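> need a 3D model of the following:
(one chain, ligands or ions: 1)
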Amino acid sequence: MIQARHTIKISIRNVTKTFQAGAFAALSGLDLDIHEGEFLAIVGPSGCGKSTLLDLIAGLSTPTSGEIDGAPGADFQQYALFPWRTAQANVEFGLEVRAVPGGERARRAREHLALVGLGGCEGRYPYELSDGMRLRVAIARSLAFDQDVLLMDEPFAALDARTRRSLQDDLLRVWRHTGKTVVLVTHGIDEAVRLGQRVAVMTSGPGRIKEIVDVTFDARASDPRADPAFREYRHRIWSLLRDETAARERKVAIAHG
Ligand SMILES: Nc1ncnc2c1ncn2[C@@H]1O[C@H](COP(=O)(O)OP(=O)(O)OP(=O)(O)O)[C@@H](O)[C@H]1O
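Okay, the predicted model is just below:
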């Protein structure tokens, strides 16, 4: 098999992040390369440092030690919309900050709303949109702002199964269409296998990358769960997570002696 060559978009080397003046390590010696244009899913036991890792990639905080290279274009996917602005005006917001002229701003906002399936909803206010639609507006806003990396922390967690599925489809469509790099943290193993080209499994805290599973079949087919390969990936990731959860429980038991 020919091995694809990957351009490294973000390189994370031996990164440690401590809190409480060094008394508590959230991440320890973490290495990870994020490839240009890939869809990377990150899973890990609760509290293993997933959000801490995304904060570091977004530049919202700095590592205690180690290095992160190549993440200048990253911005956190913020889901909060301005309630007093229409969908269109919310998407235009980032472009106003960058002083993009009015006509161009309106055009780009319309284009990106259409891309996330919200053509025709430009004039609606957030309270007139469903949770799923609000999330799409937020995705459109990040994309219009021309972020080359989309960082998403559990974006679909609060949604019902049907909405979640439909937004997953939207996100895949947007990813394919734009070629952006997407890094998505999720608790859902199915979601990770369905969306990620690679699934990075973290250890229990302090977090490192335990293993990266390459998802080489098309899990994006209409019902991937019926596919034996899908079930195999799901089982593989479930087993890795189970080992880590057991490791964490042992640590807690020892601490409470
Ligand atoms: N600002 C902070 N100050 C002190 N401790 C923190 C801070 N931020 C995170 N932590 C701790 O670091 C650890 C990792 O937190 P983080 O939120 O990154 O985990 P997570 O994997 O995203 O968790 P979950 O899966 O529950 O969302 C946790 O024990 C958390 O309490």
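
> C-alpha only now, for contacts and for neighbours.
Noted.

> so how far is stretch 137-156 off the chain centroid?
9 Å (Cα atoms, centre = their mean, to the nearest Å).

> buried set for it?
137-153, 155-156 (16 or more other Cα atoms under 10 Å).

> go on, stretch 22-42?
For stretch 22-42, by 16+ other Cα under 10 Å, it's 25-32, 34-42.

> kindly report the same for stretch 62-69.
Thr62, Pro63, Gly66, Ile68.

> near the ligand, which residues of the stretch 1-150 of the chain? Just list them.
Near the ligand, the residues belonging to the stretch 1-150 of the chain are Phe19, Gln20, Ala26, Ser46, Gly47, Cys48, Gly49, Lys50, Ser51, Thr52 when assessed by Cα under 6 Å from any ligand atom.

> most widely separated two among those residues?
Within those, Gln20 and Ser46 form the most distant pair, 19.5 Å apart (Cα to Cα).

> who has more neighbours out of those two?
It is Ser46, of Gln20 and Ser46, that has more neighbours when counted by other Cα atoms under 10 Å, with 12 against 7.

> so what's the backbone phi/psi at the more buried one?
When read as degrees, to the nearest 10, the backbone of Ser46 gives phi -60, psi 130.

> picking up where we left off before, which of the buried residues of stretch 22-42 fall within strands?
Judged by DSSP state E, the buried residues of stretch 22-42 include 25-32, 34-35, 39-42 as members of strands.

> so where's the stretch 1-150 of the chain uncertain?
Applying pLDDT under 70 to the stretch 1-150 of the chain flags the ranges 1-4, 72-79.

> please, where are all the strands along it?
Counting by DSSP state E, counting those that start in this stretch, the stretch 1-150 of the chain has strands at residues 8-19, 24-35, 39-43, 65-69, 74-76, 149-153.

> and Ser130, how many neighbours does it have?
11.

> give the full set of residues in contact with it.
For Ser130, no contacting residues are found, by Cα atoms under 8 Å, 6 or more residues apart in numbering.

> same thing with Glu92?
By Cα under 8 Å, 6+ apart, Glu92 lies in contact with Arg105, Ala106, Arg108, Ala109, Arg141, Ala144.
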